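Participant: Sequence plus the predicted model coming up.
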2 protein chains.
Amino acid sequence: MTVRQWNTQAQNRAARRERAAALARGRHVASADARALLEAVLEPGDRVCLEGNNQKQADFLAKTLVSVDPARVHDLHMVQSVLALPEHLEVFERGIARKLDFSFSGPQGARLARLLGAGKLTIGAIHTYLELFGRYFTDLTPKVSLVAAQAADAAGNLYTGPNTEDTPVIVEATAFRQGIVIAQVNEIVDRLPRVDIPADWVDYVILAPTPNYIEPLFTRDPAQISEVQVLMAMMAIKGIYAEYEVNRLNHGIGFDTAAIELLLPTYAESLGLKGRICRHWALNPHPALIPAIEAGWVESVHSFGGELGMEAYTAARPDVFFTGADGSMRSNRALCQAAGHYACDMFIGSTLQIDLAGNSSTATLGRITGFGGAPNMGADARGRRHASPAWLKAGREARAGRNTIPRGQKLVVQMVETFREHMAPAFVDTLDAWELAEQAGMPLPPVMIYGEDVSHILTEEGIANLLLCRTDEEREQAIRGVAGYTPVGLGRDKRMVENLRDRGVIRRAEDLGIDKRLATRDLLAARSMKDLVRASGGLYDPPKRFRNW
Amino acid sequence: MTVRQWNTQAQNRAARRERAAALARGRHVASADARALLEAVLEPGDRVCLEGNNQKQADFLAKTLVSVDPARVHDLHMVQSVLALPEHLEVFERGIARKLDFSFSGPQGARLARLLGAGKLTIGAIHTYLELFGRYFTDLTPKVSLVAAQAADAAGNLYTGPNTEDTPVIVEATAFRQGIVIAQVNEIVDRLPRVDIPADWVDYVILAPTPNYIEPLFTRDPAQISEVQVLMAMMAIKGIYAEYEVNRLNHGIGFDTAAIELLLPTYAESLGLKGRICRHWALNPHPALIPAIEAGWVESVHSFGGELGMEAYTAARPDVFFTGADGSMRSNRALCQAAGHYACDMFIGSTLQIDLAGNSSTATLGRITGFGGAPNMGADARGRRHASPAWLKAGREARAGRNTIPRGQKLVVQMVETFREHMAPAFVDTLDAWELAEQAGMPLPPVMIYGEDVSHILTEEGIANLLLCRTDEEREQAIRGVAGYTPVGLGRDKRMVENLRDRGVIRRAEDLGIDKRLATRDLLAARSMKDLVRASGGLYDPPKRFRNW
C-alpha cells in the first residue's frame, strides 16, 4: 500500500521557488530578471491570473509573460477579470496560453473573437466579476498570480493606494493554495503609507521600469452629454428614483448615468429630493458625481477601484469615500460587488440591445466583450432578506394580484436611446447574442441582464415598468411602447400600449409632469471637464486626454 | 458662507483615540484597562460590530462591553453576524445597546424574541451573511469593531489562524471608514506564523485573560445518524448528485448532510461515482468529510471558518484545504460565501418547516433564529453566467416547454424528515414565519429559502423535483407527494401524485433502484467519533464533549 502524499502542491511550490532562488534577494527580483523569473516558476498548463482590472493593469508583467519562451512555457490557462491590453491576447497568439476564463474584454473584444475563430484559444466561460472571484476559491484557483501595486517595502509588503481593485482577492486565493504571487510595483519605499497586502502573501516583488497603466474608465466629459440624455435623466430621477425612494445604488458606466449624477444638485434639488434619494453608493469615484458630493447629496461611496485623477479629491473627502489612515482611498472590487449585489436597491445602466422579453446584451457580432459587474448588480438578489422602501415597493408591484408569498425585489433599470450609433436600433427581435453563441460554441447566448430581472426600461420615449406586466404579451407591448421609431417600436399594438399607459405601466415624460422644454444642457451641474475641476475646488486632476481647455 | 468640513469622521476618530491615549502603549492595551478603553472610545448611538461568528467569539470584549457604564455608553446599534453568547443579549438588557442588525442567533433565538417583545431592542433586519457584509460598506458601516484573533505581534499585526472567519471584512469596513478596531488576542508573540490582518488596520490590541471561545458548530457524531437518514442520503446521492453530476457544492449543517458525506466512500463509491461528483467544496472542515477526503474524493475545500479539533488535520492536508505558508488553514467567510453563491452548483441543507409552495423556514414561534448563510447559498444565483452540466440541466428542466430564453439554474435541495422532534410535521399549510412576522413587526415573513428557488425536496418518502412542475397545483401535489403521513401528505390528490411519479417529478427509493434494506448504518464510512479520529490517522482531535470513548 502506497501512502498518499497530501502536500504535493506545497512541494511543487517549493520546487518552483527553488528554481528561482538565484534570482531573488529576499522577495525582490530585478526587472531585468523578470523573464527569467517567469520561466523559472511557470510550468506548462499552469492556471495563471494576470491582474487585468477595469483600471489598474499589471502591464510590465503582461509584457514579460509575452516574452517568455513558448517552448518552455505553454498551454497556460489564463484567468483574469479584464482583457484590456494587447499583451492579454498576444499570450494566446504566441502559443504561451491556450485557455481563457474572464469577465470583460471591452476594447479587445473584436480581436478576442478573431483569435477564437482562428482556434488560437478556447474560452472556459465569461463571468461576472464576483462569480470569477468565487471560482478562484473553488475550481479556478490560480497557480501563479501576476499582480500590480503602487509600492513595496523591503520586506515585500504591498501598498495599492486607491487602486486596490482585485489585488486582495487574487492574492488570497493564490497564496493560500500554495501558489506563487509575483507583484510589480512602481516604487520601493522604506515605509509604506499603509499595508494593503501583507508580505507573507507575496513571493516576489519587481520594481517595474514604468508605473503601471491605469485606465480612466469611468470618466465622462459632460460636454458630450446630449439633451436627450438630460431628458432621460429627468425621467429616471422623477419616475424611478423619487417614486421608489432609491437611497443605495450603483450606476453603470456611460453618459446616460453621468447625466443623472449631474442633475442631482439641479433638477433633483428642485424637486426637493435632497436627503431623500441617492445617499449611499457602490461606485467608482465618478468625476461626474463631484457636484452632487459638493452639494451635500452623498453620504458614502464605496468603490470597486480608483479613477485616474480623482486621487486628491477622494483623499480630501474622507467623510464620503472609504479611505485609510494614510489618507488615500481604499477600493476593493470583491467587497464592493458584494455591496452592489446585496446592499443596493437599484442598478441602472446602459446596454446595446434589448429584445422583446427585455433580455439585454452588449454582445454584437464579431465581438466577445463579456459582462463585467453588470450581471451581479443587474440581477435580483434572491438571497437578500433585509427590507427597504424601494425593495418592498418593487416586490409588491411584481407580485400584486398573484397568489405568492411576499418578497422584495431589486430595481434593475436598463437605460437606452432607441437608436444607437449609426442608427442601429437598440430594440431587436433577436439579440445578436444568439448568433454569437453559435459562432463561439457557447452553451447559452451571452445575455448581460435577463428580462426576468429587469424592472424598468427607460428610453427617450418613456419608462416601461416591467414589474407591472402580468403576461408575456403585456411585457412585449410595454417594451414596444418605449421603443420609438425602431421596427420593434413601430410594431406595437397601439390600443394595448395606450391601455398600458393608462395603467401606468408605460409612462411618458408628460405623464410624469416633466416639461420637455426644460431638458437642456443648462440643467447639468457641470457642462465640461473644466466645470468638474472647478466644482472640486481644483482637487480633481483629469487625465490629459480629457483636458481640452 | 461656511466651508463644509469633509473630515468630521477622521476628526471624531482622532478625538476618540485621544481620549484613550493614556491607556495604550503603541497599539497594546492591558486587559485590566479594557473597560476603560471601551468607555473612552465609544459614544452613545455608535454603530458597533462585535465579532460573533459561527465559531469564533470575541468573548472577552463581549463581556467587557456588558460591563461598561450605561450612563456613558448607551443606545448602541449592534451589527454582527451571529448572536451566540449570553452577553450578546445582555448589552440590550442593560440598556447599553438598542438596535440590532444580524444574521443568525441560533441558541439565543428564544431570548432574543423575549427581549424584542419586552421592548428592549429593535431589530433593523435579519440578513444572510454576505448581505450583512455588503451593508458594512454601504449603510451599516461600523464605527467601532471588536474582533478576535489568535495572536498579535508587538506592532499589532494579527494572526487569526484557521479561524479567520469574518475578521477581515469587519476590519476592512471599519478601518477604512475612520472607525476604531479593537482586537482581543490569545497571545502576544515575537513573530507571527503569518499576518492575517495588517497592524495598520488595527487600533488597539488586548491580550485576553482566556483564549477566545470557539464553537464546534459543524461537528456531528456519526453515532447519532439514523437509518432513515442513511436512506435519504442514498436517495440524494443517486437521485440528485449522480443525475446532475454535482461537483461543486455546499452542505448545510446537520445530520442529514453528514450522512451524505459518510456515504461517499461506501455507497457512492459502489455506484462508480468517485471523481464524477463532489470534487470541490465551499464548506467548513466537517469532521464527517474525513473518510471521503482520505479515500481521495475531494480535490478542494474552501472554508467559511475553522472547526474545533480539525486544526492538525487540515494543516496535514494542504492539497485539499486552503492553507497559508505557515501551514495552518485560512478561512474567510465573505469570500467563501461568494464562492458558495456563484461557484457552487448545489446547496443542500435541512430545514424545519416547508409550506405548500416549497417556502421553507427555520423560524418557529417564540424564536427569532435568523438565516446565516442559507439564503445566499440557497438562492438561484441570477448573476451567474458560467455553465456546468448540473446548472444547465437544472435550467433546461425548469424551462422545458416554456417560451423563454435559456438560462441555467442552481440546485437548491431541502432535505427533511416528514416529522421532526416531538412528532411536529415538517410540512405545513402555513409557515410559523407568518405569525412570527406579525409578532415582531417584520415587513415580510422570515423565509429562509423561497419555494421559487428550491429545486428539490427530499424526504424519506422520496424526491420531489420542483423544476419539472409547471403549475402551482403541480408543485403543491409534488410536495404533498413526499410529505408522508403529515396532514399535508395525507391531503394529496392520489391520482395526480401517481401521475407526477409517472413523469419522474416524484421519485421513490424504488424508482431510483435503491434497495431500502441496504439503508443501514453499516453503510456509514464512520459510525462514531472514534471512527473519524481513526480515519484521520489520529489527526482529528474532537472537543471533549464529543469524546465518548
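Facilitator: It's in. Quick caveat: nothing in here was measured; it's all calculated off a predicted structure.
Participant: C-alpha only now, for contacts and for neighbours.
Facilitator: Fine.
Participant: What strand or helix carries whatever residue of the stretch 101-250 of chain A ends up closest to chain B?
Facilitator: Going by C-alpha to the nearest C-alpha, chain B is nearest to A:Gly134 of the stretch 101-250 of chain A, at 3.7 Å. Assignment of secondary structure by DSSP states H and E places A:Gly134 within helix A:129-136.
Participant: what's the closest non-adjacent residue to the residue of the stretch 101-250 of chain A closest to chain B?
Facilitator: Distances taken as C-alpha to C-alpha, 6 or more residues apart in numbering or on different chains put B:Ala339 closest to A:Gly134, at 3.7 Å, once the chain neighbours are dropped.
Participant: Equivalent analysis for A:Gly275, please.
Facilitator: A:Trp297 is the one closest to A:Gly275 (C-alpha to C-alpha, 6+ apart), at 6.4 Å.
Participant: which SS class is the one you found?
Facilitator: coil (DSSP: H, G, I helix; E, B strand; the rest coil).
Participant: need the contact list for it.
Facilitator: A:Trp297 makes contact with A:Leu264, A:Pro265, A:Lys274, A:Gly275, A:Cys278, A:Arg279, according to C-alpha atoms under 8 Å, 6 or more residues apart in numbering or on different chains.
Participant: what's the helix or strand encompassing A:Gly109 in contact with?
Facilitator: Taking DSSP H and E as the definition, A:Gly109 sits inside helix A:109-117. By C-alpha under 8 Å, 6+ apart, the surrounding residues in contact with helix A:109-117 are A:89, A:92-93, A:105, A:121-123, A:366-370, A:440.
Participant: so what does the next helix or strand after it touch, helix or strand wise?
Facilitator: Using DSSP H and E, the helix or strand that follows helix A:109-117 towards the C-terminus is strand A:122-126. Helices and strands touching strand A:122-126, as assessed by 3 or more C-alpha pairs under 8 Å, 6 or more residues apart in numbering or on different chains; DSSP states H and E, comprise strand A:97-104.
Participant: is the strand it packs on up against chain B anywhere?
Facilitator: No - judged by C-alpha under 8 Å from any C-alpha of the partner chain, strand A:97-104 stays clear of chain B, getting no closer than 9.4 Å.
Participant: Next, the buried residues of that strand.
Facilitator: For strand A:97-104, the buried set under the neighbour-count rule, 16 or more other C-alpha atoms under 10 Å in any protein chain shown, comprises A:Ala97, A:Arg98, A:Lys99, A:Leu100, A:Asp101, A:Phe102, A:Ser103, A:Phe104.
Participant: who's in contact with the fourth one?
Facilitator: What it means is A:Leu100. Residues near A:Leu100 by C-alpha under 8 Å, 6+ apart: A:His77, A:Met78, A:Val79, A:Leu121, A:Thr122, A:Ile123, A:Gly124, A:Ala125.
Participant: Just put those in TSV and tack on neighbour count and pLDDT.
Facilitator: Formatted as TSV, the contacts of A:Leu100 follow (neighbours: other C-alpha atoms under 10 Å in any protein chain shown; pLDDT from 0 to 100):
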residue	neighbour count	pLDDT
A:His77	26	98
A:Met78	28	98
A:Val79	28	98
A:Leu121	23	95
A:Thr122	18	95
A:Ile123	17	95
A:Gly124	16	96
A:Ala125	20	96
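Participant: Give me the contact list for the helix or strand containing the residue nearest to A:Gly134.
Facilitator: Here B:Ala339 sits within helix B:333-342, counting by DSSP H and E. By C-alpha under 8 Å, 6+ apart, the surrounding residues in contact with helix B:333-342 are A:130-131, A:133-135, A:137-138, A:338, B:129-130, B:133, B:164-166, B:169, B:249-250, B:282-283, B:302-305, B:373, B:376-379, B:381, B:383-384.
Participant: before we move on, back to that, with respect to B:Ala288, which of the contacts of helix A:109-117 is nearest?
Facilitator: Comparing these against B:Ala288 with C-alpha to C-alpha places A:Ile123 closest, at 36.5 Å.
Participant: Okay, and the beta partners of the closest one?
Facilitator: A:Ile123 has these beta-bridge partners by DSSP bridges: A:Leu100.
Participant: list the contacts for it?
Facilitator: Contacts for A:Ile123 (C-alpha under 8 Å, 6+ apart) come out as A:Lys99, A:Leu100, A:Asp101, A:Leu116.
Participant: So the first one versus chain B, what's the distance?
Facilitator: If I follow you right, that is A:Lys99. Separation of A:Lys99 from chain B (C-alpha to the nearest C-alpha, to the nearest Å): 15 Å.
Participant: so that residue touches A:His88, yeah?
Facilitator: No - taking contacts as C-alpha atoms under 8 Å, A:Lys99 lies outside contact range of A:His88: 12.0 Å.
Participant: which residues touch A:Arg480?
Facilitator: Counting by C-alpha under 8 Å, 6+ apart, A:Arg480 touches A:Leu356, A:Val488, A:Gly489, A:Leu490, A:Gly491, A:Arg492.
Participant: Show me which of these is closest to B:Asp345.
Facilitator: Distance to B:Asp345, by C-alpha to C-alpha, is smallest for A:Leu356 among these, at 29.5 Å.
Participant: Can you pick out the most distant pair from the contacts of helix A:109-117?
Facilitator: Across the contacts of helix A:109-117 (C-alpha to C-alpha), the longest gap, 19.8 Å, separates A:Glu93 and A:Gly370.
Participant: So for these two, which residue has more residues nearby?
Facilitator: A:Gly370 (27 against 17; other C-alpha atoms under 10 Å in any protein chain shown).
Participant: How about that one: what's its closest non-neighbour residue?
Facilitator: Setting aside the residues directly before and after it, A:Gly370 is nearest to A:Phe104 in space (C-alpha to C-alpha, 6+ apart), at 4.3 Å.
Participant: So that neighbour sits against A:Ser81, correct?
Facilitator: Yes - with contacts counted by C-alpha under 8 Å, A:Phe104 reaches A:Ser81, the gap being 6.2 Å.
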